[in-house]
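Engineer: everything below, folded, please.
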Amino acid sequence: EHELQAKDELKQCEMMVKEKEIEQRSHLLAVKNTSIEKLTDQVKKLQQHNMQPHLLSPQYQLSWSPCADLPEALEFPHSIIIGDVVFINTLTDSRLIHQYSINDNEWSTLPRSMVVAFGLGQLSGKLITVGGGERKRPVGNVYQFNEESQQWEESPIPPMPTPRRKACVITH
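Structural biologist: Okay, here's the model as predicted:
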């Protein structure tokens with residue numbers, strides 16, 4: 001009976017997490033290998049301190065697992081995830097970008113980028129490169145990858161006012 005009550009309390013907590021706006025102060029609770037009683041106690045303690053629990057179900061438990069080997073070793077790798085694809089390049093003088101399909105566990109290589117030592121980002125779901133260099137000269141250009149034509153093209157984003165090599169790009 002106590003276990004059923006704890007399960008009901010857990011379901012109520014899950015509903016609260018889904019229905020309420022997540023507060024700034026929060027805590028992540030992992031369900032895997034945690035007893036209902038312990039989890040219920042953790043939720044109550046968090047609520048006493050005005051903290052909103054985030055419940056992580058077992059299928060979303062974070063863990064490391066093997067995947068296909070990267071086609072080459074990379075120095076100073078930089079990556080971004082768009083959908084279920086990981087794009088990775090190096091901040092050295094390479095024009096290569098490798099893409100990894102999470103669903104297929106396979107690597108492939110995109111056509112060479114327009115510049116070297118660029119930052120990776122995404123805009124509206126499209127892969128973009130920002131900055132970089134041509135013949136050891138920094139540039140501020142932004143290019144986007146056209147999946148249909150499998151070509152790089154100039155992005156509608158104007159160039160950066162100050163050219164940069166090895167740019168760190170943050171997009172959402």
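Engineer: what about the strands in this structure?
Structural biologist: In the chain, strands defined by DSSP state E lie at 26-30, 52-56, 77-82, 85-90, 98-101, 106-109, 119-123, 126-130, 133-134, 137-138, 142-146, 151-154, listed in chain order.
Engineer: in its sheet, what does the third one sit against?
Structural biologist: For strand 77-82, the paired strands and their directions (DSSP bridges) are strand 85-90 (antiparallel).
Engineer: neighbours of the residue nearest to residue 109 when sequence neighbours are not counted, how many?
Structural biologist: On the basis of Cβ to Cβ, 6 or more residues apart in numbering, the spatially nearest residue to residue 109 that is not a chain neighbour turns out to be residue 98, at 5.4 Å. For glycine as for every other residue, the C-beta is placed from the backbone atoms N, C-alpha and C. Residue 98 is surrounded by 19 other residues when neighbours are defined as other Cβ atoms under 10 Å.
Engineer: next one: residue 134
Structural biologist: Look at residue 134: counted by other Cβ under 10 Å, it has 14 neighbours.
Engineer: cool, residue 104 as well?
Structural biologist: Residues near residue 104, counting by other Cβ under 10 Å, number 11.
Engineer: got it, and residue 128?
Structural biologist: As a measure of burial, residue 128 has 21 neighbours, counting by other Cβ under 10 Å.
Engineer: residue 80 now?
Structural biologist: Residue 80 sits with 19 neighbouring residues when counted by other Cβ under 10 Å.
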